[in-house]
Structure formats: C-alpha cells, structure tokens
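>>> coordinates only, sequence not included:
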Ligand SMILES: O=c1ccn([C@@H]2O[C@H](COP(=O)(O)O)[C@@H](O)[C@H]2O)c(=O)[nH]1
C-alpha cells in the first residue's frame with residue numbers, strides 16, 4: 001500500500017487528538033508534522049508520537065548555511081522520524097550537510113531518516129517562478145534541475161507536484177522518492193496550492209507517497225475522506 005501522509009497542520013493538542021482518532025491504529029498511519037505543531041508543542045511531542053508507532057514526516061524545510069543545517073538535522077535524527085526536508089535551493093553543500101547530520105545524529109541500531117529536498121513549492125505557479133523568482137527556466141526544467149542537484153548531493157528523494165513526477169522518473173530514475181503534496185480530490189478547493197493533481201493522477205504518474213492536509217482534516221467526515229483518498233491512490 002503506497003502511503004497517504006496526512007498533514008496535521010494544527011496548533012493544539014485537542015485538534016491533534018481529534019484528527020488522529022479518525023485515522024486508525026498508529027502502526028498503520030503516516031503523519032506529517034510541520035512548523036506549526038512543532039513550534040507549539042516541541043520535539044517531545046514528535047518523540048511521543050513516534051514511540052506510539054506513527055510514522056512521522058517532520059517537514060521543517062530547512063534552508064541555511066551548511067553547518068547550521070548539519071547541526072539541525074543531527075538533532076532531528078534523534079526524534080524517531082522517517083522523513084525530513086530541506087529546500088533544494090540551499091545548494092548541494094547544504095543538502096550534503098543535511099544528510100551528514102542525519103547520519104551523525106541517528107542513534108546506533110536505528111534507521112537513518114530519509115532526506116527529501118523540496119524543489120519548487122506546490123504553491124508556486126509558473127507566473128511566480130518567472131516574474132517573482134526571476135527564473136528563466138520553465139517549471140518542469142527548474143524542478144528537474146533541483147532534483148538532479150538533490151540526487152547528486154545525497155538526498156533520498158524530492159518534494160514536488162505530481163505534475164512533474166512522470167518526467168522525473170524518466171530522467172532521474174526509479175531509485176529516488178517522489179513525495180507529492182498539492183493533492184486535491186476532484187471538485188475540492190485548491191486553497192493556496194497552484195500545481196495540483198488528484199490522488200488517481202498522482203498514482204498514475206508515479207508518486208511514491210502523497211501528502212494530504214485540508215482535504216482530510218477539514219472534511220465533514222475526515223475518516224471517510226482519508227479512506228477514499230487511500231483507495232483512489234492505491
Ligand atoms: O511544496 C510543498 C511542500 C510541502 N507542502 C506541505 O504539504 C501540506 C499540504 O497541505 P494541504 O492542506 O493538502 O494543502 C502542507 O502541510 C504543506 O506545508 C506543500 O503543500 N507543498
């Protein structure tokens with residue numbers, strides 16, 4: 001079963017508990033914790049959820065000088081997480097430092113968390129890429145370029161839109177993780193996302209895992225929404 005990673009973008013324990021109660025047994029559930037919840041509750045909550053059996057994608061999108069990122073990922077590696085993120089725009093040395101920090105910080109006998117490099121955020125449109133980031137490449141060229149840098153620098157995969165995954169598989173290979181947010185079931189609101197696709201499209205184009213937040217957490221029936229998205233993706 002390919003993972004549907006649920007983004008728990010909340011800032012309090014009560015909402016967290018309520019969402020988790022809709023998802024199932026911890027061992028069967030993959031959640032994404034981002035800045036909002038981490039800054040509210042701290043790393044002990046991450047450790048606690050990992051101990052309960054949840055697989056955790058800790059999405060902090062680090063982007064700093066290599067030494068700072070190394071020291072940060074060395075700490076993150078001690079939390080029992082499965083995935084974490086850096087921005088690929090931080091460059092090859094920073095990505096390599098992030099990976100080294102994860103390896104150095106992982107306690108003996110434990111699995112090193114996988115490092116995912118964010119290419120272009122799924123909220124970024126072609127227009128923003130061209131006129132605000134002043135990038136001369138098309139979106140697909142820019143994502144490809146960042147993914148190549150990520151792979152050669154030791155990342156285990158990338159974060160991108162499902163729209164880019166098919167070409168990435170062809171040119172970067174199948175031995176790399178393609179984790180895709182920007183998922184919107186047919187008929188649901190785009191919110192602040194730009195490069196979106198349905199769970200079925202993400203599956204068809206080869207996403208390794210999808211990340212889904214509001215279409216599940218804000219649904220009238222979050223359990224039914226989660227089950228429907230799992231079914232559509234698998
Ligand atoms: O490019 C990116 C990188 C990360 N995200 C994160 O995924 C979820 C998506 O939430 P939705 O409510 O399904 O839009 C969110 O936590 C983002 O921080 C992303 O959307 N795009």
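Yep, that arrived. Small disclaimer: the values here were computed from a predicted structure and weren't measured.
>>> ok, the single nearest residue of the chain relative to the ligand - how many residues close by?
Closest residue of the chain to the ligand, C-beta to the nearest ligand atom: residue 213 (2.6 Å). C-beta here means a position set from N, CA and C on the backbone, and glycine is covered the same way. Look at residue 213: counted by other C-beta atoms under 10 Å, it has 20 neighbours.
>>> can I assume it is in contact with residue 9?
Yes - judged on C-beta atoms under 8 Å, residue 213 makes contact with residue 9 at a distance of 5.3 Å.
>>> before we move on, back to that, give the closest residue to the residue of the chain closest to the ligand in space, chain neighbours not counted.
residue 7 (3.3 Å; C-beta to C-beta, 6 or more residues apart in numbering).
>>> can you report phi and psi for the one you found?
Backbone torsions for residue 7, taken as degrees, to the nearest 10, come to phi -80, psi 110.
>>> how about it, what does it touch?
Shown in contact with residue 7 (C-beta atoms under 8 Å, 6 or more residues apart in numbering): 31-32, 34, 59, 181, 211-214, 217.
>>> switch the cut-off to 6 Å
Listed by C-beta atoms under 6 Å, 6 or more residues apart in numbering, the contact partners of residue 7 are 32, 211, 213.
>>> retrieve the pLDDT associated with it.
Residue 7 is assigned 98 on the pLDDT scale.
>>> show me what it is bridged to.
residue 32 (DSSP bridges).
>>> name the element residue 224 belongs to?
helix 222-233 (DSSP states H and E).
>>> scratch that, residue 219 is what I was asking about
Counting by DSSP H and E, residue 219 is found in no helix or strand.
>>> pLDDT score for residue 124?
The predicted local confidence for residue 124 is 98.
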